[in-house]
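>>> Sequence first, predicted model second:
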Amino acid sequence: MALGLSFWFTYALLTALTLTTCQGIADIYEKEEDIEKAMDYYDRAAQLYSGEGIDSTANQCKIKVAQFAAELEQCVPVLLLSTSSILSVFCAAG
């Protein structure tokens, strides 16, 4: 049985809302200067964007995580890159 158009529309809408909500929550925490929570939500958003193949936005979120980690002196961020995207952010001892 084929899934109807309304299912795919609903799926696309819920996916878009989830992506923008995670990034929106991260933005709020960043403005409130709760950097650790902002890092957590930017990381969640990056994983979700990557899962949907939206690499440019995922990369922006990963860069935010790396910047905050450096600001908090938790680590020296090391970005694992491919030709088109940031694959991961690792922490090297500072």
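Cool, the structure landed. Numbering: from 1, shown residues only.

>>> going forward, measure contacts and count neighbours with C-alpha atoms only.
Noted.

>>> how about the strands in the protein?
Counting by DSSP state E, one finds strands in the chain at the ranges 76-81, 86-92.

>>> Residue 69: neighbour count?
Per other C-alpha atoms under 10 Å, the neighbour tally for residue 69 reads 20.

>>> Tell me the spacing between it and residue 35.
9 Å (C-alpha to C-alpha, to the nearest Å).

>>> How about residue 58?
Residue 58 is 18 Å from residue 35, by C-alpha to C-alpha.

>>> Compare neighbour counts for those two and give me the winner.
Using other C-alpha under 10 Å as the criterion, residue 58 and residue 35 rank with residue 58 on top: 26 against 19.

>>> Could you tell me the model confidence score at the nearest residue in space to the more buried one that is not next to it in sequence?
Nearest non-adjacent residue to residue 58, counting by C-alpha to C-alpha, 6 or more residues apart in numbering: residue 46, 4.2 Å away. We have a pLDDT of 90 for residue 46.

>>> let's have the chain start at 286 instead
Shifting the count to begin at 286 puts that one at residue 331.

>>> can you map out the helices along the chain?
All helices of the chain, identified by DSSP state H, fall at 290-316, 320-336, 340-356.

>>> Among these, which one carries the weakest average confidence?
For these, mean pLDDT drops lowest on helix 290-316, to a mean of 79.

>>> Remind me what that helix packs against, helices and strands.
Helix 290-316 sits against helix 320-336, with contacts defined as 3 or more C-alpha pairs under 8 Å, 6 or more residues apart in numbering; DSSP states H and E.

>>> Can I get the helix it packs on in PDB, CA atoms only?
Only the C-alpha atoms of helix 320-336 are listed here, as PDB (Å, rounded to 0.1, in the frame of the first residue of the first chain):
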ATOM      1  CA  ILE A 320      26.700  28.500  26.400                       C
ATOM      2  CA  GLU A 321      26.600  24.800  27.500                       C
ATOM      3  CA  LYS A 322      22.900  24.400  26.700                       C
ATOM      4  CA  ALA A 323      23.400  26.400  23.500                       C
ATOM      5  CA  MET A 324      26.200  23.900  22.500                       C
ATOM      6  CA  ASP A 325      24.000  21.000  23.300                       C
ATOM      7  CA  TYR A 326      21.200  22.200  21.100                       C
ATOM      8  CA  TYR A 327      23.500  23.400  18.200                       C
ATOM      9  CA  ASP A 328      25.000  19.800  18.300                       C
ATOM     10  CA  ARG A 329      21.500  18.300  18.200                       C
ATOM     11  CA  ALA A 330      20.500  20.600  15.300                       C
ATOM     12  CA  ALA A 331      23.800  19.700  13.400                       C
ATOM     13  CA  GLN A 332      23.000  16.000  13.800                       C
ATOM     14  CA  LEU A 333      19.400  16.500  12.500                       C
ATOM     15  CA  TYR A 334      20.500  18.700   9.600                       C
ATOM     16  CA  SER A 335      23.200  16.200   8.600                       C
ATOM     17  CA  GLY A 336      20.700  13.400   8.700                       C
END
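
>>> No more questions from me, cheers.
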